[in-house]
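Novice: Model the following, please.
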Amino acid sequence: MRQQLSSVANSPAAFRELCAAHGLAVTHQRQIIYQALMAMHDHPSPEAVYEQVRAEIPSISLATVYKTIHTFLEAGLIQEVSIHHGTLRIEANREPHYHLICSECRSVSDLDETLVSPIRVQGKLPRGFEVRKFALDVIGLCAACRAKSKKQ
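Specialist: Numbering: from 1, shown residues only. Predicted coordinates for the structure are as follows:
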């Protein structure tokens, strides 16, 4: 999937097709922001995307990057990693997966869903609540933070 996403990021024609399929107008700024997202293989914040995009479009504002990211989120081109970490973190990986989150440095890594037992709700949910997605965050210390804490 990542290879397929990379080809979309590097091909203006493929990006135009992706936008058309999601009902979005194609703009130069959107394409550069999307290319930056595809090139960032972690779970960047809008500020990190902004820093990357500024190299190509020095006059772009952080507000434009935020607005474009929200447009991509609403259209389903990207997804929000977690809605409860205090800061917006996004990713292009739309394959089913979960996340490993370091409680020290706040880094986020993907965890393949096949490594976790299937998650399901047992029993009836209150007031007709409809489940659309399960989000699982495994919180602990990444290898770098573990090594740092052992040295102290």
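
Novice: And the protein, what are its domain boundaries?
Specialist: According to automatic domain parsing, the chain comprises the domains 2-80, 97-151.

Novice: quick one, which of those domains is packed in tightest?
Specialist: For those, the largest average neighbour count (mean count of other C-beta atoms under 10 Å) is found in domain 2-80, namely a mean of 16. (Glycine included, C-beta is placed from N, CA and C.)

Novice: so the residue nearest in space to the middle of the chain bridges to which residues?
Specialist: Centroid check for the chain by C-alpha atoms, centre = their mean gives E91 as the closest residue, at 1.4 Å. With DSSP bridges as the criterion, E91 is bridged to Q79.

Novice: okay but it is in contact with L77, surely?
Specialist: No. The pair E91 and L77 fails to qualify as a contact (C-beta atoms under 8 Å) at a distance of 11.1 Å.

Novice: ok, and the helix or strand in the chain with the lowest average confidence?
Specialist: Ranked by mean pLDDT, DSSP states H and E, the weakest helix or strand in the chain is helix 2-10, scoring a mean of 47.

Novice: my guess is E113 meets Y98, correct?
Specialist: Yes. Using C-beta under 8 Å, E113 is in contact with Y98, at 6.2 Å.
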